[in-house]
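Asks: got a predicted structure here, sequence first:
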Amino acid sequence: MPPTAVAAAGPRLARTAAAARLSPRAERAAVRRALRGDEAALDVLFRAHWPAAYRAAWLVVRDPHAAEDIAQEAFVAAVRALERFDRRRPFGPWLRTIVARRAIDAQRSRALRREVGDAPLEALPAPEDGPPDDALLAAVAALPDDQRTVVALRHLLELTPTEIGELLGVPRGTVNSRLRRALDALAQELAR
């Protein structure tokens, strides 16, 4: 499936992506086939990694429509950069890192628009095929943007505080303090 077809098919495929799991070996084979232009291999990668990519974007931006766009654009960007991908590493974390960067950029852009006069966007609930609506996700969604972002990057994408600092352009100590404040706030909220 060419990148434009992947982007256009995103909503339809998102609903049918029943958390298809790939073994590391099958994933490497799909990446090799995708590099040779095999559209079916791209579809396999998309179906396997769409739910996590969407969740990563949603946890940062808290807007289902923006999260869908970000995840689709990140997948297309990953496909275009597939030749540079280190095939010794898993595809999923690499894709989610691309998603996280794009989501953070979207969040920054959104914040800049608010500074110049746009009303703050209302946080929308996750759609039915998004993350489950439970107390933890509700508490995470209520965190301030900077804290929610570090929680998503640390605990969903499993990035280290150093990697998060590099991604956000802030010192590691800032990442650690935001993470600590977020975890303390979550503990208090969940204890209620």
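Replies: That came through, no problem. Numbering: from 1, shown residues only.

Asks: low-confidence ranges, the protein, go.
Replies: 1-20, 111-134 (pLDDT under 70).

Asks: which parts of it are helices?
Replies: Along the chain, the segments classed as helices by DSSP state H run 3-16, 24-35, 39-61, 64-80, 91-115, 135-141, 145-151, 161-168, 172-191.

Asks: report the angle between the fourth one and helix 24-35.
Replies: On the basis of axes from the mean of the first three to the mean of the last three CA atoms, to 10 degrees, helix 64-80 is oriented at 80 degrees to helix 24-35.

Asks: can you check the fifth one too?
Replies: For the pair helix 91-115 and helix 24-35, the angle between their directions (the same axes, to 10 degrees) equals 70 degrees.

Asks: and the closest residue to W58 other than its chain neighbours, what does it touch?
Replies: Excluding the flanking residues, the one nearest W58 by CB to CB, 6 or more residues apart in numbering is A67, at 3.8 Å. In this view, the C-beta of every residue, glycine as well, is placed from N, C-alpha and C. By CB atoms under 8 Å, 6 or more residues apart in numbering, the residues touching A67 are 54, 57-58, 60-61, 103, 130.

Asks: out of these, grab the one that's most surrounded.
Replies: Neighbour count (other CB atoms under 10 Å) singles out A57 as the most crowded of the contacts of A67, with 30 neighbours.

Asks: so of the helices of the chain, which one's packed in deepest?
Replies: Mean neighbour count (mean count of other CB atoms under 10 Å) peaks for helix 39-61 among those, with a mean of 23.
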